[in-house]
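> generate coordinates for the sequence data below:
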Amino acid sequence: MNFELSEEHQSIRAAVKDLCARFPESYWLERDADGMFPHDFYRAMGDAGWLGLAIPEEYGGAGLGVQEAALMMQTVAESGACLSGCSSVHINVFGMMPVAAFGNEEQKRRMLPPIAKGEVKACFGVTEPNAGLNTSKLKTRAVRQGDKYVVHGQKVWISTAQVADKIMLLARTTPLEALGPGQQSHGLTLFYTDLDRSRIDVRLIEKMGRKCVDSNELFIDGLEIPVEDRIGEEGKGFKYILHGMNPERVLLAAEAVGVGRIALQKAATYARERIVFDRPIGQNQAIQHPLAENWIELEAAQLLTMKAAWLYDNGKDCGAEANAAKYFAAEAGFRACERAILTHGGMGYSKEFHVERYLREIMIPRIAPVSRELILSHIAERVLGMPKSY
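The predicted structure is shown next:
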């Protein structure tokens, strides 16, 4: 068992770190203030080939795995870009996995290279206001009419829809009432198509953090989708979406570790340099010990995250580990960010020192894409054999 990064992994970390150095924390502070999408960061990541890291080589990507993607995203977050930087490229890194796995050859050649090169931006349209995490209850309806589908419905918390050219959309092609007991996850169909703003009203949601990567409500009224933009078979979209859920959890875990590490680094530096009562505050155990605990928790989170990534890349079941990594890393990252503010004292409340931005952004992996409570229920049921509680 070898816990050292391979030469390839070290090279990925070093190269991404060099790229991120071109976008210092002052850049992300400006994006946090003005809310502008980080187009130049996105373009730089595309030009360097990082957006296609997990896309197969024959379709313009690097053909690497979730381990490499996790290391890349952790490095982006750790640079101080935090979730703003990571979320701007999320769908490029993991969101197109259903196309790579279940699309036909024509779709792969048409859809994947532009995403790998960063020539287009896409958003992920799954969540609905009245369904939440219960994806089987989605109501957005897609009705086939000849060689196209016509869609009506509503989506919420859709990231990057303000700037997206394309949308990965999950819609119901069989009404819920037509399905039998236990079949609610059937009848959902996955599409990857143009985001037609004449048929989709995109409304911005003002939120707590990550201002430069927009979140939105979508109101879909008569969106026409060609049959050739349907991914896989009609009615099997829920299965296709599940294919990308474990990698998504692993990447969020890696990002949470990255945010926690930059917060811990800032706190430790400040504690060494800040003099109060003629001594550095870091000389006091009341300051030292909580930061040492943060380091231990982040190291444990890193190991759990990379184990989950390794299991996925080696074709092994990783549902429990991916969920556990997301849960534990988000909590460890949150505690590190909170402690960074407390270590800075009053200056921790100032935007100038960045740590308050970390705390606002680390809330995202605690909430999304699945709640802490649902993860605990999943592990209680699937690992510990307890009865379903909901």
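> C-alpha only now, for contacts and for neighbours.
Noted.
> surely Met363 is in contact with Phe334?
Yes: taking contacts as C-alpha atoms under 8 Å, Met363 lies within contact range of Phe334: 7.1 Å.
> the more surrounded of those two?
Legend: neighbour count by other C-alpha atoms under 10 Å for Met363 and Phe334, higher for Phe334 (27 against 19).
> give me the pLDDT value at the more buried one.
Note on Phe334: pLDDT of 98.
> for Ile362, give me the pLDDT.
98.
> quick check: Tyr149 is in a strand.
Yes: Tyr149 forms part of a strand when assessed by DSSP: H, G, I helix; E, B strand; the rest coil.
> tell me which residues form a beta bridge with it?
Arg144, Ile225 (DSSP bridges).
> residues near it, how many?
Tyr149, neighbours per other C-alpha under 10 Å, totals 20.
> now Met168
24.
> hmm, it is touching Leu195, no?
No: with contacts counted by C-alpha under 8 Å, Met168 stays clear of Leu195, the gap being 9.1 Å.
> now the strands: where do they sit in the chain?
Counting by DSSP state E, the segments of the chain that form strands are 122-125, 141-145, 148-159, 166-172, 188-194, 200-204, 215-226, 230-231, 275-276, 279-280.
> and the average pLDDT for the second one is what?
Mean per-residue pLDDT for strand 141-145: 98.
> got a list of contacts for it?
Tyr149, Val150, Val151, His152, Gly153, Ala171, Arg172, Thr173, Pro175 (C-alpha atoms under 8 Å, 6 or more residues apart in numbering).
> okay, these in a markdown table with distance to Glu30 and pLDDT next?
Formatted as a markdown table, those follow (distance: C-alpha to C-alpha, whole Å; pLDDT from 0 to 100):
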| residue | distance to Glu30 | pLDDT |
| --- | --- | --- |
| Tyr149 | 41 | 98 |
| Val150 | 40 | 98 |
| Val151 | 38 | 98 |
| His152 | 37 | 98 |
| Gly153 | 35 | 98 |
| Ala171 | 37 | 98 |
| Arg172 | 40 | 97 |
| Thr173 | 43 | 98 |
| Pro175 | 46 | 93 |
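> which one of those is nearest Ala21?
Ala171 (40.4 Å; C-alpha to C-alpha).
> residues touching the closest one, list them.
So Ala171 contacts Val126, Leu138, Lys139, Thr140, Arg141, Ala142, Val151, Leu188, Thr189, Leu190, Phe191 (C-alpha under 8 Å, 6+ apart).
> apply 6 Å and report the result again.
Residues near Ala171 by C-alpha atoms under 6 Å, 6 or more residues apart in numbering: Thr140, Arg141, Ala142, Leu188, Thr189.
> of those, which is the most crowded?
Neighbour counts for these (other C-alpha under 10 Å) peak at Leu188, which has 30 neighbours.
> thought it was touching Gly235?
Yes: using C-alpha atoms under 6 Å, Leu188 is in contact with Gly235, at 4.6 Å.
> residue ranges with poor pLDDT in this protein?
The chain contains no residues with pLDDT under 70.
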